[in-house]
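Visitor: coordinates only, sequence not included:
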């Protein structure tokens, strides 16, 4: 793509995730060497323009947001804040057909509802350019399900961001068995070029990888509160002062490889595999609706109230910078 | 304790954890306002002095290690590197009786073996000062078990560090039902004064909290590799680019409180409790010895070889600094 040709992305759905993608794509657009951006937002809410203007500042830095103006047409531009002679455009278009007609990337983060998504893609497919990439940000509805009624199922792929996507590097890329290798490759390459870390799953599976790992730990955490071993705040304190910082730098397998010294993870299991198995034998098996909710919700609300996510995200950015630093 | 009176700590066992405690206690001793330190190491290995001299530099900074000299007596001192008119002493004493006779804190990190620990404490108890704090660094053998043959079981408590303790803030403090409230309180206060984050468990439980949470996640991680969903490296990449940095800043309950917006964790479960339960219904139930080990060990070794723990620990320090920063 030449530098003169803008990158045309259409976002379907501008909730929390959608707005974060707006911030992400504009952050990228104003960076050195990036193509200019023509970003179209399609959302059914009637006050979408006002909503974006009011909400976007919470997602990105002032230099970008002060130059973003929203309109229902093509006539207002976002000047490149780095002073390049390029302009970036934010468009709101409540007509699906025209919203997708020129896009090279279409990202869906609408209602988390299989019927909605399955009905959407045939319409998108009919009106978008033939080589446009079609991505769903879903955290749980597979591309297999979503593509059921498409003419060409090979075009759809899940690109599940980690919230908030303008901060977190992870994108879980989950093809269906129908997705073409070319779509997979182009999707991986795009996210790498954005400075993100796309991880390609080899199979569709409930919850993908990140949430499955998180929910496995959450289940044990709820069990420990339930059993009166530790409070909600104590569990969080344990995580923030041990596993969190460790896993920010090296994931569990690399950590146990280190934990076993020169013998690696094999030596680790040889030494304390018995304790690992004892914990697995005793693992918590709570389920939703079993009555633990009231205590967990109460303790969590008492401890934190409404969380300052802007402050949290600023810290997460710093943590990511620290984990990626090469100097010692 | 007056500034003229040194803090007397005896470490029983100088393996990986013991050496890390040596580094930690000397780091603290050279900080502003801390009492001077008389640190005694009791370990059965014959080459203990050479071992300490060779290994300690990997644990701490050069300014401290270059002033640490090891001897089998009381005649060599560690000058205070901050220039105070105090001196810190490192003593190696292979006689248990004299090693514990003057200590105000005795920390055990010997073999992870119930018979060893149960036999140790009655001897320690017989020869140490009556108000000395008795701590085990065990990751799995309860104070109830370890104190079985003690005259006064109220004295023993588990103070389980997170590896490596000179870097990680967490100390899991786990009393037995016999442990006195005064011992609990003094233990918690000591670790807070060291700038650590002691978390008091309300009950003895297999694996305590941190390892139970880690092993619950590890079990699901192994399951996902087993099922061919993702590789060992991909799982680690997911953790390093999503959950790790998030949990370094806010633990799981605080994260889901944020994830639910103004409705908090209750709204989170209302929205996606179905997906959480679906993941729990489908959760991995691998056990040791079921044959997954070969592939996991192979992939992990291929990916990482021998991990550079010094580089990792330097990054973890930075991550902790970033997570604790107050500015945004």
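Guide: Great, that's in hand. Given the structure is predicted, the values throughout are model-derived calculations rather than measurements. Numbering: from 1, shown residues only, chains lettered A, B, ... in the order given.
Visitor: would you map the strands across the stretch 1-150 of chain A?
Guide: A:7-12, A:37-42, A:77-79, A:87-92, A:105-108, A:133-136 (DSSP state E, counting those that start in this stretch).
Visitor: just give me how far the first one sits from the chain centre.
Guide: In other words, strand A:7-12. Its chain's C-alpha centre lies 16 Å from the corresponding centre of strand A:7-12 when counted by Cα atoms, centre = their mean, to the nearest Å.
Visitor: quick one, that strand and strand A:87-92 angle?
Guide: Interaxial angle, strand A:7-12 versus strand A:87-92 (axes from the mean of the first three to the mean of the last three Cα atoms, to 10 degrees): 20 degrees.
Visitor: which residues touch the residue nearest the centre of chain A?
Guide: Nearest to the mean C-alpha position of chain A, counting by Cα atoms, centre = their mean, stands residue A:161 at 1.6 Å. For residue A:161, the contacting residues are A:17, A:20, A:21, A:137, A:168, A:170, A:171, by Cβ atoms under 8 Å, 6 or more residues apart in numbering or on different chains. Yep, even glycine has a C-beta here, placed from its N, CA and C like the rest.
Visitor: measure the fourth one to chain B for me?
Guide: I take that to be residue A:137. 14 Å (Cβ to the nearest Cβ, to the nearest Å).
Visitor: not counting its neighbours along the chain, what's nearest that residue?
Guide: residue A:109 (3.9 Å; Cβ to Cβ, 6 or more residues apart in numbering or on different chains).
Visitor: what is the burial count for the one you found?
Guide: The number of residues packed near residue A:109 is 25, by other Cβ atoms under 10 Å in any protein chain shown.
Visitor: what strand or helix carries residue A:299?
Guide: helix A:293-304 (DSSP states H and E).
Visitor: quick one: mean pLDDT over that helix.
Guide: Helix A:293-304 carries an average pLDDT of 98.
Visitor: same question for stretch A:240-260.
Guide: 97.
Visitor: before we move on, what about stretch A:210-218?
Guide: Mean predicted lDDT for stretch A:210-218 stands at 98.
Visitor: please state the offset of it from the chain centre?
Guide: The answer for stretch A:210-218 is 15 Å, by Cα atoms, centre = their mean.
Visitor: now residue A:171, what's its secondary structure?
Guide: Judged by DSSP: H, G, I helix; E, B strand; the rest coil, the three-state class of residue A:171 is strand.
Visitor: quick check, pLDDT for the residue lying closest to it once chain neighbours are set aside.
Guide: Leaving aside its sequence neighbours, residue A:171 sits nearest to residue A:198 (Cβ to Cβ, 6+ apart; 4.4 Å). Model confidence at residue A:198, given as pLDDT, is 98.
Visitor: what kind of secondary structure is residue A:198 in?
Guide: strand.
Visitor: how close does it sit to residue A:159?
Guide: Distance, residue A:198 to residue A:159, by Cβ to Cβ, to the nearest Å: 8 Å.
Visitor: more crowded one of the two?
Guide: Using other Cβ under 10 Å as the criterion, residue A:198 and residue A:159 rank with residue A:159 on top: 25 against 20.
Visitor: shouldn't that one be in contact with residue A:187?
Guide: Yes: with contact defined as Cβ atoms under 8 Å, residue A:159 reaches residue A:187; the gap is 6.0 Å.
Visitor: what touches both of the two?
Guide: Joint contacts of residue A:159 and residue A:187 (Cβ under 8 Å, 6+ apart) are A:135, A:173, A:198.
Visitor: surely the last one meets residue A:169?
Guide: When you say that, I think you mean residue A:198. No: applying Cβ under 8 Å, one finds residue A:198 not in contact with residue A:169, separated by 9.2 Å.
Visitor: residue A:53: how many residues sit nearby?
Guide: Residues within reach of residue A:53, counting by other Cβ under 10 Å, total 14.
Visitor: any idea how far it lies from residue A:162?
Guide: With the distance defined as Cβ to Cβ, residue A:53 ends up 26 Å from residue A:162.
Visitor: before we move on, the earlier item: most tightly packed of the strands of the stretch 1-150 of chain A?
Guide: Sort the strands of the stretch 1-150 of chain A by mean neighbour count, taking mean count of other Cβ atoms under 10 Å in any protein chain shown, and strand A:133-136 sits at the top with a mean of 25.
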